[in-house]
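Chemist: Sequence below, structure please.
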Amino acid sequence: MLRARVGALDGQQSQWRAVAVFVAGVGAGRRLAAPRQWHKRVMIAGLCSYMARPIARVFACLSGATKQERTNDMKFTRTLALTTALTMASALPGTAFDLTSMTDDERNAFRDEVRAYLMDNPEVLMEAIGVLEQRQAAAQDAMDEDLVKVNADALFNDGYSHVSGNPDGDITIVEFVDYQCGYCRKSYDVLQELLEKDQGVRLILKEFPILSEASMLSARYAISAQNQFGEEAYATLHDALITLRGNVTVESLIKLGDDLGLDGQGIADGMNAPEVDKVLAENRALGQRLQITGTPAFVMHDTMARGYMPLEQMEQIIATKREES
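Modeler: The predicted structure is shown next:
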């Protein structure tokens, strides 16, 4: 299942990238089951232990974490490395090698061997990270697909979310949108171009205000317009709100509504209606079930994509889904 991944490393990811080295090391050691290959297991176990501190330092720095976060990451990673090394050592033949009984001289010599191996084969670390990332991606894709299936009715047939494009299109895209989100604004332009080019796309919009009070005011205003004056009023306001610049207040929203030929004050009067609260609560609960923590977020057929995507990437996913259908 194709999955779009967008975003930079953060503190937790730095830990998991380091974990990749250690977990992959365990897997590699277990695959070397032949008795004569025990020394290779030792080398991998030692590699995990020896490289704990430098790996933690590299990925903590890459993450852009604070000094305290980098310190915590390094402690976490080093502890995990030692645990991994001991785990692998326990899988060795009893008479072959005992990492815990090394003398200082033996340990230093062993580290020299590991360092020499790494200097000769630096690609091993990135290969290990790549393998684990692929496995994590596959597991996440499978989980996302299950989440979409379980929440299909709420996603595609809730009875209140605005639908644009072709209502009978063969591909449905659901967007979780926040009007104050810069990447949602970029996605708006992409989606408009996509709908013009592809007449088979059905677009469902989910109001998902999470960034600020201005986000919430804008979402309430849009939903109130939809409830009182219908889908055309909502579509008009949506197009205006997603491109709106400047300070957002109830007064500025009323003026915007009036400028668009709508009943600005009437829309504002309905912003806190129970029906508006219900839509926002259900969208928020749906986002939590789908583990959506940022905007924009998309469900494209049965694929979840978190973050901004250029037009070409959306078209690629759509083409893949049509081939699978």
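Chemist: Quick check: residue 159 is in a strand.
Modeler: No - assessed with DSSP: H, G, I helix; E, B strand; the rest coil, residue 159 is coil; it does not lie in a strand.
Chemist: number of nearby residues for it?
Modeler: Using other Cβ atoms under 10 Å, residue 159 has 6 other residues around it. Using the backbone N, CA and C atoms, a C-beta is placed for each residue, glycine as well.
Chemist: Read off the pLDDT value for it.
Modeler: If you check residue 159, the pLDDT there is 93.
Chemist: any low-confidence regions in this structure?
Modeler: For the chain, applying pLDDT under 70 flags the ranges 1-99.
Chemist: can you pull out the strands in it?
Modeler: Applying DSSP state E to the chain gives strands spanning 4-5, 162-165, 171-177, 201-207, 297-300, 303-306.
Chemist: Which residues does stretch 218-225 contact?
Modeler: By Cβ atoms under 8 Å, 6 or more residues apart in numbering, the residues outside stretch 218-225 that reach it are 178-180, 207-209, 233-234, 237-238, 241, 244, 248, 253, 257, 262, 267-273, 275-276, 279-280.
Chemist: Residue 134: which of the strands of the chain is closest?
Modeler: strand 4-5 (11.9 Å; Cβ to Cβ).
Chemist: sorry, back to before: go ahead and build a ChimeraX selection from the buried members of the contacts of stretch 218-225.
Modeler: Those of the contacts of stretch 218-225 that count as buried under 16 or more other Cβ atoms under 10 Å are selected in ChimeraX with:
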select :178,179,180,207,208,209,233,234,237,238,241,244,248,253,257,262,267,268,270,271,276,279,280
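Chemist: Filter the contacts of stretch 218-225 down to the ones in helices?
Modeler: Using DSSP state H, 233-234, 237-238, 241, 253, 257, 267-269, 275-276, 279-280 are the members of the contacts of stretch 218-225 that sit in helices.
Chemist: Let me have the residues you listed in TSV, extended by distance to residue 153.
Modeler: Shown next, in TSV, are the ones in helices among the contacts of stretch 218-225 (distance: Cβ to Cβ, whole Å):
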residue	distance to residue 153
233	26
234	21
237	26
238	23
241	27
253	32
257	32
267	29
268	32
269	31
275	19
276	21
279	15
280	18
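Chemist: Closest one of those residues to residue 167?
Modeler: Nearest to residue 167 among those, with distances taken as Cβ to Cβ, is residue 234, at 14.7 Å.
Chemist: Which residue is the nearest non-sequential neighbour of that closest one?
Modeler: residue 226 (3.7 Å; Cβ to Cβ, 6 or more residues apart in numbering).
Chemist: What's the local residue count around the one you found?
Modeler: 26.
Chemist: next one: residue 245
Modeler: Residues near residue 245, counting by other Cβ under 10 Å: 6.
Chemist: Residue 157 now?
Modeler: Neighbours of residue 157 (other Cβ under 10 Å): 9.
Chemist: Quick check: it vs residue 163, distance?
Modeler: 10 Å (Cβ to Cβ, to the nearest Å).
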